[in-house]
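Novice: Here is a sequence together with a model predicted from it:
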Amino acid sequence: MKTVIVGANHGGIAAANTLLDHYPDQRVVMIDQNTNISYLGCGTALWVGRQIDSYQDLFYTKKEDFEKKGASVHMETTVKKIDFERKVVFCEKTDGRTFEESYDKLILATGSLPIDPNLPGQNLEHISFLKLFQDGQNVDRLIGRMDVEHVAVIGAGYIGVEIAEAAIRRGKKVKLFDIADTSLAGYYDEWFTKDMDHLLEEKGIETHFKERVLAFLGTTFVERIVTDHGDYKTDLVISAIGFRPNTVLGMDHLKLFKNGAYCVDCHQQTSDPDVYAVGDCAAIYSNALKKKTYIALATNAVRSGIVAGHNVGGTALEETGVQGSNGISVFGYHMVSTGLSVKAAQKSGLDVIYTDFEDWQRPGFMKKNAKVKVRIVYEKDSRRIVGAQMASTEDISMGIHMFSLAIEQEVTIDQLKLLDLFFLPHFNQPYNYITMAALSAK
Ligand SMILES: Cc1cc2nc3c(=O)[nH]c(=O)nc-3n(C[C@H](O)[C@H](O)[C@H](O)COP(=O)(O)OP(=O)(O)OC[C@H]3O[C@@H](n4cnc5c(N)ncnc54)[C@H](O)[C@@H]3O)c2cc1C
Ligand SMILES: NC(=O)C1=CN([C@@H]2O[C@H](COP(=O)(O)OP(=O)(O)OC[C@H]3O[C@@H](n4cnc5c(N)ncnc54)[C@H](O)[C@@H]3O)[C@@H](O)[C@H]2O)C=CC1
């Protein structure tokens, strides 16, 4: 059986490795328009901010690794069109040569594209997205220039906050804009985002929230940014206002989710039984919402790629749904969340309440200590946990993984009250903050 995979980044790579490692009878053809694969975008801000020495280790695999396993890999090759009736993809290499690849099964892993604010002056130089490795190289080159002093970041979501930190670390004057009234509004409630906003300002980032960018001014290079509150000198603009699914290849043939992502079932199969979709180009089932949604994360791309690979290979593996677990760490402050914030839950029509707790991580007699904040969001009637947020200068990631499982398994806030959590002064308090938050739940 021959499977063609369009897109060979995190989702396509996971699908290809699953097929090549478990189903020897499979012929796998991978096609990607880029010059590189497996780039960890999350490393861009670390490298631009010189928290890691180079970008070399931000790639975890390469074309040759798949060729060694027997795959054919066409890099710098764009799939221009797909004939879903004849089951053929039409390819064009960067040098203009064209060819066709027939398929028995097709896996679409074409990912996402940065949302384009489409503003006047958008084509001036020194305005960049931050999606590809090449974008990271471009921003790193520009930020290294002496004549680039003022950096404007549009979008205070995950990319925007992380790259704003990087620009501060490189000694730039940074303005961070968002139409929301706080940073990270899509992931956390205000009890958390106000701490992040304060930290960003304390570190020298000039925040401009509830402010809409209207245009860019300049002759060759961008010189000023115009918003509904004023205009500001700028030498470099980084635009990070979210991703949209890249589904131009199948939009006229396959069923689409409300934001344009491909609808898929629990096997990652689209409305065409020979076509699967994974990663940022596909919708995903939220265990918190109990319905399909769109969450563009590398972790989801990998898991959905594995599920599609097994199903194409002949194993009817079902995806278990996600909670959209995510985390951010800037200036040594960590925030992690899973499921829904109160705001997101209410926006989706869920009737939720929440319990908050803030305490020291360890008992007072321990020399090393740090404050931890936790919020648990749960449905009023079912008392099912639907979300959690945590913040500290300590690594609290294991806590949010537990909450992710709790949401998936429909654990209630009452079940959490007496959950067996160990006590050791090096790690926590006898009455640790998770138990205390649950015990204080209404
Ligand atoms: C700066 C940054 C930081 C991030 N940090 C994190 C993080 O910390 N944690 C996390 O979970 N997620 C993070 N993400 C999100 C994560 O990178 C994406 O969710 C992930 O890349 C999705 O993988 P994908 O394979 O579905 O899509 P993509 O990575 O978008 O890959 C799609 C691939 O398809 C190819 N392609 C598209 N159309 C065609 C075509 N017509 N023909 C041929 N090839 C095509 C593209 O070249 C690309 O290689 C970050 C993203 C960015 C930009
Ligand atoms: N640590 C992590 O897990 C990371 C994950 N990612 C993922 O990559 C994807 C893309 O990241 P982002 O681009 O940061 O998207 P995002 O969704 O995290 O943030 C977009 C931000 O832009 C704002 N915005 C939207 N339109 C705007 C406008 N016209 N003007 C000003 N602000 C506007 C939104 O309010 C939001 O705060 C997301 O799915 C994100 O979760 C990215 C970086 C790190």
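Specialist: Yep, it's here. Ligands and ions are numbered 1, 2, ... in the order given.

Novice: who's in contact with residue 302?
Specialist: Applying C-beta atoms under 8 Å, 6 or more residues apart in numbering, we find residue 302 in contact with 10, 11, 13, 14. The C-beta positions use only the backbone N, C-alpha and C, and glycine is treated the same way.

Novice: Which pLDDT value belongs to the third one?
Specialist: Residue-level confidence at residue 13 comes out at 98, pLDDT.

Novice: And the first one, by the same measure?
Specialist: At residue 10 the predicted local confidence, pLDDT, stands at 98.

Novice: Could you measure from it over to ligand 1?
Specialist: 4 Å (C-beta to the nearest ligand atom, to the nearest Å).

Novice: Equivalent analysis for residue 343, please.
Specialist: The value you get for residue 343 to ligand 1, if C-beta to the nearest ligand atom is used, is 21 Å.

Novice: Pull the number of nearby residues for that residue.
Specialist: Counted with other C-beta atoms under 10 Å, residues neighbouring residue 343 total 16.

Novice: From what I see, it and residue 189 are in contact.
Specialist: Yes: applying C-beta atoms under 8 Å as the test, residue 343 and residue 189 come out as touching, 5.8 Å apart.

Novice: now the helices for the stretch 201-350 of the chain?
Specialist: If DSSP state H, counting those that start in this stretch is used as the criterion, the helices of the stretch 201-350 of the chain fall at 298-313, 342-347.

Novice: near ligand 2 too, which of the contacts of residue 302?
Specialist: Among those, no residue is within reach of ligand 2 (C-beta under 6 Å from any ligand atom).

Novice: can you tell me which of those are in helices?
Specialist: Judged by DSSP state H, these include 10, 11, 13, 14 as members of helices.

Novice: Pull up the residues of the stretch 301-442 of the chain that are close to ligand 1.
Specialist: Residues of the stretch 301-442 of the chain lying near ligand 1 (C-beta under 6 Å from any ligand atom): residue 301.

Novice: Quick one: name the residues of the stretch 301-442 of the chain near ligand 2.
Specialist: Near ligand 2, when you scan the stretch 301-442 of the chain using C-beta under 6 Å from any ligand atom, you find 326, 327, 328.

Novice: Bridge partners for the last one, pull those for me.
Specialist: Residues in a beta bridge with residue 328, per DSSP bridges, are residue 335.

Novice: How many neighbouring residues does it have?
Specialist: Residue 328, neighbours per other C-beta under 10 Å, totals 22.

Novice: Name all residues that make contact with it.
Specialist: Contacts of residue 328 by C-beta under 8 Å, 6+ apart are 158, 161, 162, 184, 187, 334, 335, 336.

Novice: measure residue 184 to residue 341 for me?
Specialist: Residue 184 sits 10 Å away from residue 341, going by C-beta to C-beta, to the nearest Å.

Novice: And the residue nearest the centre of this structure?
Specialist: residue 297 (3.2 Å; C-alpha atoms, centre = their mean).

Novice: any idea how far that one lies from ligand 2?
Specialist: Residue 297 is 6 Å from ligand 2, by C-beta to the nearest ligand atom.

Novice: Let me see the contact set for the residue of the stretch 101-250 of the chain found nearest ligand 2.
Specialist: Residue nearest to ligand 2 within the stretch 101-250 of the chain: residue 157 (1.7 Å; C-beta to the nearest ligand atom). Residue 157 makes contacts with 178, 183, 184, 185, 186, 187, 240, 241, 242, as judged by C-beta under 8 Å, 6+ apart.

Novice: what about 6 Å?
Specialist: With contacts defined as C-beta atoms under 6 Å, 6 or more residues apart in numbering, residue 157 has no neighbours.

Novice: Let me know the pLDDT of it.
Specialist: 98.

Novice: Could you do residue 92 as well?
Specialist: Predicted confidence (pLDDT) for residue 92: 98.

Novice: ok so it is a strand residue?
Specialist: Yes: according to DSSP: H, G, I helix; E, B strand; the rest coil, residue 92 belongs to a strand.

Novice: ok, now how distant is it from ligand 2?
Specialist: Distance, residue 92 to ligand 2, by C-beta to the nearest ligand atom: 28 Å.
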